[in-house]
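Asker: Pasting the sequence and the predicted model now:
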Amino acid sequence: MRSGMYEVQGKMAAEWRALKVERVQLDARETALIMKALENANGIVAIAARELGIARTTLASRLKVLGVRSEGMTSSTPPAAEPQPGEPGARGATGASQP
C-alpha cells in the first residue's frame, strides 16, 4: 500500500518539475515580448504598456519581477534634449545662464 503512495508522489513531483520548466520558458517569452515592446516605444514604459494592452504599473511590476533592468527607460516621456550652445538655458563658454 505504501508503494502506491510513493508512486502518486513521484508522478506529482514529475509534474511539478515540468511546471517549473514551463514557467522558465514562459518568463523568457514574456521578457522577449516586453523588450520588443520597449524597443518599439524607444524605452518609454507607458507607450510599451499601451502596445502590450496592459497598465503601465503592471508593466513596471513585471519588469521588476522578471529582473529586467529599466535603465534608460522612462515612465511617460523621453528626456528633453540638452540646449545647444548659444540657446537660452545653455551653459558654458557662451556666458549663458548659470545655476
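Answerer: Sure thing, it's come through. Numbering: from 1, shown residues only.
Asker: so what's residue 86 scoring on pLDDT?
Answerer: With respect to pLDDT, residue 86 scores 66.
Asker: quick one: buried residues of the biggest helix by length in the chain?
Answerer: When the chain is parsed with DSSP state H, its longest helix is helix 2-40. Residues of helix 2-40 classed as buried: 34, 37-38 (neighbour count, 16 or more other Cβ atoms under 10 Å). In this view, the C-beta of every residue, glycine as well, is placed from N, C-alpha and C.
Asker: Counting by contacts, list what the lowest-mean-pLDDT helix or strand in the chain packs against.
Answerer: When each helix and strand of the chain is scored by mean pLDDT, DSSP states H and E, helix 2-40 comes last, with a mean of 87. Using 3 or more Cβ pairs under 8 Å, 6 or more residues apart in numbering; DSSP states H and E, the elements in contact with helix 2-40 are helix 45-52, helix 56-66.
Asker: So which of those helices is the most surrounded?
Answerer: helix 45-52 (a mean of 19; mean count of other Cβ atoms under 10 Å).
Asker: the inter-axis angle of that one versus helix 2-40?
Answerer: Relative orientation of helix 45-52 versus helix 2-40 (axes from the mean of the first three to the mean of the last three Cα atoms, to 10 degrees): 120 degrees.
Asker: For helix 45-52, which helices and strands make contact with it?
Answerer: Packing partners of helix 45-52 (3+ Cβ pairs under 8 Å, 6+ apart): helix 2-40, helix 56-66.
Asker: Quick one: closest of the ones you listed to residue 48.
Answerer: With Cβ to Cβ as the measure, helix 2-40 is the member of the helices and strands packed on helix 45-52 nearest residue 48 (4.0 Å).
Asker: wait, residue 38 sits on residue 49?
Answerer: No. If you go by Cβ atoms under 8 Å, residue 38 and residue 49 don't touch, sitting 9.5 Å apart.
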